[in-house]
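Prediction below, plus the sequence it came from.
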Amino acid sequence: GAVVSQHPSRVICKSGTSVKIECRSLDFQATTMFWYRQFPKQSLMLMATSNEGSKATYEQGVEKDKFLINHASLTLSTLTVTSAHPEDSSFYICSARSLQGAETQYFGPGTRLLVL
Amino acid sequence: AQTVTQSQPEMSVQEAETVTLSCTYDTSESNYYLFWYKQPPSRQMILVIRQEAYKQQNATENRFSVNFQKAAKSFSLKISDSQLGDTAMYFCAFIGSYGGATNKLIFGTGTLLAVQP
């Protein structure tokens, strides 16, 4: 149990375009999902916390207009990188926290984004 | 503010041997949870083990066990009978109790473990 999927696993896009990444909890309902960014050989950096049916809470320094987050249902959250630039190239990981056992987060496999 | 410190950037162990990864943390909260996550080359974050602070008994999961010292704010991970598949980056993480002051995972900087054949 506690499986989280992400789609796509990797994406290459041109500078100036927008990219949407989906995060789904497959076998549980998630009131809260989290979006992280990870640079090579570094730890995970929390970008935002996404609560179902409400606006996301962004960490300091993360541009909410650039990284749009939608959490429309208890099993799906999306991250849209708008007007992508090469510096947005990174590994993006989502995690989900279930209604029960709320302290444990289960992670998706990540999405590698390359902006040319 | 809560912090998590992993003082060993890299470690190496021979297959079948035992290795201990260290982690210390700082918090003023009385109830919280601690985790060890594993990130192999695939980069999928995998939950290895978790510990609830109010439980004195150390958590164990097969070959993985922790030494939780609440007073010392220490949370080390012991891997017994190391296997090649244990090669990964290991992250220690902290979160406060649900609804508490720290409602997000705080990660350490990670320890890269290499299991040698």
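That came through fine. Residues are numbered from 1 along each chain as shown, chains lettered A, B, ... in the order given.

Stretch A:15-32: how far from the chain's middle?
A distance of 6 Å separates the centroid of the chain from that of stretch A:15-32, by CA atoms, centre = their mean, to the nearest Å.

Could I get the buried residue list for that stretch?
Applying a neighbour-count criterion of 16 or more other CB atoms under 10 Å in any protein chain shown, one finds A:V19, A:I21, A:E22, A:C23, A:R24, A:S25, A:F28, A:A30, A:T32 buried in stretch A:15-32. Where you see a C-beta, it was placed from the backbone N, CA and C, and this is true even at glycine.

Provide a list of residues in contact with the most centrally placed residue in chain B.
Residue closest to the average C-alpha location in chain B (CA atoms, centre = their mean): B:W36, at 3.1 Å. Taking CB atoms under 8 Å, 6 or more residues apart in numbering or on different chains as the contact definition, B:W36 lies against B:21, B:23, B:47-50, B:64, B:66, B:75, B:77, B:90-93.

again, only using 6 Å
Contacts for B:W36 (CB atoms under 6 Å, 6 or more residues apart in numbering or on different chains) come out as B:V48, B:I49, B:L77, B:C92.

In PyMOL, how would I select just the buried ones from those?
Selection of the buried residues among those in PyMOL, burial being defined by 16+ other CB under 10 Å:
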select buried, chain B and resi 48+49+77+92
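
Could you tell me which of the contacts of B:W36 are located in strands?
B:V48, B:I49, B:L77, B:C92 (DSSP state E).

Dump the residues you listed to TSV, plus pLDDT and distance to A:M45.
Below are those laid out as TSV (pLDDT from 0 to 100; distance: CB to CB, whole Å):
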residue	pLDDT	distance to A:M45
B:V48	96	21
B:I49	96	23
B:L77	98	22
B:C92	98	16
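
Just the closest of those residues to A:Q60, please.
Using CB to CB, B:C92 comes nearest to A:Q60 of the ones in strands among the contacts of B:W36, at 22.9 Å.

Look up how far A:Q105 lies from the closest residue to the closest one other than its chain neighbours.
Spatial nearest neighbour of B:C92, excluding adjacent residues (CB to CB, 6 or more residues apart in numbering or on different chains): B:C23 at 3.5 Å. Distance, B:C23 to A:Q105, by CB to CB, to the nearest Å: 17 Å.
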